[in-house]
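S.K.: Sequence and computational prediction follow.
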Amino acid sequence: MTVMVTGGAGYIGSHTVKELLKRNYRVVIVDNFSTGHRELIPGGDLVQADLRSPEELKKVFQSYPVEAVLHFAALIQVGESYADPQKYYLHNLFSSLNLLRAMLESGVKYFIFSSSAAVYGQPLATPIQEDHPLSPINPYGASKFMIERILPDYDRAYGLKYVSLRYFNAAGADPEGQLGEWHQPETHLIPNIMLHLLGRNPGFQVFGQDFPTPDGTAIRDYIHVTDLARAHVLALEKLRSENQSQVINLGSSRGYSVLEVIRTAEKVTGKKVDLKFGPRRPGDVPVLLASSLKAETWLGWQREFSDLEFIIETAWNWHRKS
Ligand SMILES: NC(=O)c1ccc[n+]([C@@H]2O[C@H](COP(=O)([O-])OP(=O)(O)OC[C@H]3O[C@@H](n4cnc5c(N)ncnc54)[C@H](O)[C@@H]3O)[C@@H](O)[C@H]2O)c1
């Protein structure tokens, strides 16, 4: 089976390509390298194209017998999305509409969408279940929410079958050491700790120490990127066998505060973080924690790598050699 992976040169996309290739899928990666890296591509065919261009997309669907699309390509910086929302709606929303149109024109009916916990906004209760109200509080989250809102209409009218996977915090690196997290600029906690401990990022700031949590720092749910990647393969298999659209959280159901992550990183690496505290960032919520029950029951998903020490160990191994 041939599958298209948009954003396959990015962090989560590249790890998923690796899992798909291991299971003998034929993979065609579509990426414009705006934030991705050729060095992260583990195999498969590559088409350099921009999803904002309907013509470029059409050509890819004409050239490959694509049967399903896994759509990772997007811009992901929440802060930037406040400053330049148009950029986010063009890259994330408009691109996705182009992609869906090209899929429908080519008769492709299976779609796996990289959504985000950002669609929930300020949680009313944790752990967050999939039926929690959606109320994104930044343009990045809103762009994901809008695509999620569109998908049921496309299912009803055109028979498009989809799985929206709402990731919590993807973290860690390929346990075999081939791939890792490489964002520029890096806004995620664990890679920033790694870069700091390697001396590539002198000041390390924790945003907020007055959250209503036991140690005052924000609590997040970290999920190993290879566990995430495997969930995509399961979602694809399930979608094909059951032909039923779904929305599924991908998290670990276990939260760690920023300080707990820092202390674990110090333990794993044997190095000390030079800690400074700054104010909260706008839109940061105290606790984000997934209920992963549906992923376990519907997908049959088991997390193998999402222990925090292992996440940090794999991230550390990757950052040290890259
Ligand atoms: N990293 C996380 O913790 C996290 C959490 C929730 C959701 N997500 C979602 O997962 C997906 C992947 O995130 P990531 O961390 O791997 O990001 P990434 O920046 O590493 O990868 C995104 C990839 O998409 C490509 N791309 C972007 N715009 C494109 C366009 N218009 N045309 C073609 N290619 C384009 C980039 O070049 C890059 O290779 C995104 O949709 C993101 O919103 C990520």
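M.R.: Looks like it arrived, so ask away.
S.K.: For this protein, just list every one of the helices.
M.R.: 11-22, 54-63, 78-83, 85-88, 95-106, 139-158, 189-197, 225-242, 258-269, 293-294, 308-321 (DSSP state H).
S.K.: Tell me how far the residue nearest to Ala235 when sequence neighbours are not counted lies from the ligand.
M.R.: Distances taken as Cβ to Cβ, 6 or more residues apart in numbering place Val163 nearest to Ala235, at 4.3 Å, with adjacent residues excluded. The way it works is simple: take the backbone N, C-alpha and C, and place the C-beta from them, glycine included. Relative to the ligand, Val163 is positioned 14 Å away (Cβ to the nearest ligand atom, to the nearest Å).
S.K.: Val163: neighbour count?
M.R.: 25 (other Cβ atoms under 10 Å).
S.K.: Does it touch Gln244 like I think?
M.R.: No - assessed by Cβ atoms under 8 Å, Val163 is found out of contact with Gln244, at 9.1 Å.
S.K.: next one: phi and psi at Asp210?
M.R.: phi -120, psi 30 (degrees, to the nearest 10).
S.K.: how close does it get to Asp284?
M.R.: 11 Å (Cβ to Cβ, to the nearest Å).
S.K.: joint contacts of these two?
M.R.: Counting by Cβ atoms under 8 Å, 6 or more residues apart in numbering, Asp210 and Asp284 have no contacts in common.
S.K.: Comparing these two, which shows the higher neighbour count?
M.R.: When Asp210 and Asp284 are compared on other Cβ under 10 Å, the one with more neighbours turns out to be Asp284, at 15 against 11.
S.K.: ok, the more buried one touching Phe207?
M.R.: Yes - counting by Cβ under 8 Å, Asp284 does reach Phe207; the two are 6.4 Å apart.
S.K.: List the contacts of the closest residue to Lys294 other than its chain neighbours.
M.R.: Of all residues not flanking Lys294 in the chain, Ile248 sits nearest, at 5.3 Å (Cβ to Cβ, 6+ apart). Contact analysis of Ile248 by Cβ under 8 Å, 6+ apart lists Glu130, Val163, Ser164, Leu165, Arg166, Ala231, Ala235, Lys294, Ala295, Trp298, Leu299.
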